[in-house]
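Enquirer: Return atomic coordinates for the entry below.
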Amino acid sequence: MSRLWQWLLFRQGLIGMGTVSFTFEDCNTGTMTYSANDAAIGYGRFSRLDGARAKPMKDPTIGTPHKLDKGKGPGIAMNQQGAVLEAHQAEAGFNLWYRLGQWDGGEIRWGRGHHFNQGDYPVLLAVNDHGLALEMHRSNSVTDNTFMYHVGELGAQDLFSGESKGSELMHVSSVAMNHDGVVILTRRHDGKSFHIGRIDSQDSSIIWGEPIKFGSTSEASTVSVNDHGYLVISYRSTIRFGKLNSQKDDIDWLLRLDLEDCSEAGAVAMNDDGYAVLPVSDAKKHYLIAIRFYYQSKLKKWLADRSSKTVYKSRGGGLMHPAIGISLTIADQNLALVEYKSDHPNDGNVYCATGSLV
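Expert: Model (predicted):
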């Protein structure tokens with residue numbers, strides 16, 4: 001048994017988590033606690049709380065996307081050590097490919113591609129700081145639309161070896177994993193729901209909990225979790241922020257944000273400092289924004305600041321969700337984004353862009 005799995009045997013258990021909204025909604029009482037004009041929300045560089053200046057709000061920067069490979073439905077994930085994992089489906093057929101990279105001075109040094117399975121896009125990825133890697137993809141069977149998965153170790157010679165394991169889960173939108181090997185995924189079937197799972201270190205399988213609904217409409221959503229147990233979910237123009245509850249196998253929602261100046265919010269990623277970055281769009285352009293979640297002890301409330309918009313020159317036409325065409329990851333202050341552009345079902349290119357919070 002590897003050192004990673006020995007460690008996981010001692011770390012089976014959940015950490016608590018939370019939620020947010022523009023205008024602010026108190027998720028415990030269901031009442032509106034702040035208006036859009038309240039100083040609790042900072043649309044500029046700073047947010048003022050009780051007359052005091054808060055920490056500077058950081059803006060996301062992003063470079064021009066460059067072609068990484070031919071393919072479609074890419075996913076990307078990165079950990080605090082700068083290890084990067086990308087995977088996608090081939091432009092024709094059902095071959096799935098992955099490649100590893102290393103963050104280096106604002107860029108990613110990529111290794112060569114590896115074929116690892118047959119399946120259908122999207123390819124959803126998560127990695128953690130202990131070198132654990134998870135990929136999920138849709139079955140390529142005409143009659144079976146469930147998602148399959150692999151669990152591997154980043155240091156292994158063959159990251160995703162062997163046959164995929166079946167999850168019996170359909171319509172998966174996104175997946176995230178924290179440093180304890182706790183997995184959260186979102187689905188879009190008969191409303192929006194999430195599952196919380198634990199990786200079994202004996203056979204690399206995932207033991208899934210029961211689905212818990214968090215919305216009545218069935219659009220795609222994206223989830224990201226940090227190592228403090230906080231998570232953020234985005235869908236349409238709504239952002240929810242919360243914390244994992246280990247006793248209930250549930251999420252304690254803390255805040256909800258409605259982005260009134262954006263028509264769509266997309267693939268979200270959050271770091272351990274409480275900064276969430278996501279692509280958004282309006283009627284004309286595509287952007288990246290950052291949202292910082294923090295607890296104001298004097299008010300005894302969770303609050304959020306929002307950055308200004310950073311224009312993003314999307315190659316894929318601004319398809320915002322991993323289930324459709326874009327994936328985003330963040331570690332510390334470093335950002336990486338992949339998307340694909342396709343003018344024909346059998347012709348597509350995967351693009352990658354890197355950036356940071358400044």
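
Enquirer: Provide the backbone phi and psi angles at the residue positioned nearest the centre of the chain.
Expert: The centroid of the chain falls nearest to residue 224 when counting by Cα atoms, centre = their mean (3.9 Å). Note on residue 224: its backbone torsions stand at phi -140, psi 140 [degrees, to the nearest 10].

Enquirer: Likewise for the one 3 residues further on?
Expert: Backbone torsions of residue 227, given as degrees, to the nearest 10, read phi -80, psi 0.

Enquirer: Backbone torsions only: list them for residue 232.
Expert: phi -140, psi 140.

Enquirer: residue contacts, residue 337?
Expert: 62, 65, 76, 267, 279, 326-329, 352-355 (Cβ atoms under 8 Å, 6 or more residues apart in numbering). From N, CA and C alone the C-beta is placed, and that goes for glycine too.

Enquirer: Which pLDDT value goes with it?
Expert: On the pLDDT scale, residue 337 is placed at 93.

Enquirer: right, and the secondary structure at it would be what?
Expert: strand (DSSP: H, G, I helix; E, B strand; the rest coil).

Enquirer: Residue 336 against residue 327, yeah?
Expert: No: using Cβ atoms under 8 Å as the test, residue 336 is too far from residue 327 to be in contact (9.0 Å).

Enquirer: When those two are compared, which one has more neighbours?
Expert: Remark: of residue 336 and residue 327, residue 327 carries more neighbours, 29 against 24, as counted by other Cβ atoms under 10 Å.

Enquirer: Quick check, residue 102 in contact with residue 79.
Expert: No: counting by Cβ under 8 Å, residue 102 stays clear of residue 79, with 10.8 Å between them.

Enquirer: So for those two, which residue has more residues nearby?
Expert: Neighbours per residue, other Cβ under 10 Å: of residue 102 and residue 79, the larger number sits with residue 79, 23 against 14.

Enquirer: Name the spans of the stretch 251-358 of the chain whose pLDDT lies under the cut-off.
Expert: By pLDDT under 70, the low-scoring segments of the stretch 251-358 of the chain are 283, 316-325, 342-347.

Enquirer: which residues does the residue nearest to residue 154 when sequence neighbours are not counted contact?
Expert: In space, and not counting its chain neighbours, residue 154 is closest to residue 131: 4.3 Å by Cβ to Cβ, 6 or more residues apart in numbering. Neighbour list for residue 131: 4, 79, 83, 153, 154, 155 [criterion: Cβ under 8 Å, 6+ apart].

Enquirer: any idea of the pLDDT on residue 131?
Expert: At residue 131, pLDDT is 94.

Enquirer: same question, the one 3 residues further on
Expert: Residue 134 carries a pLDDT score of 97 in this model.

Enquirer: Now intersect the contacts of residue 131 with the strands, please.
Expert: 83, 153 (DSSP state E).

Enquirer: Most neighbours among the contacts of residue 131, which one?
Expert: When neighbours are counted by other Cβ under 10 Å, residue 79 leads these with 23 neighbours.
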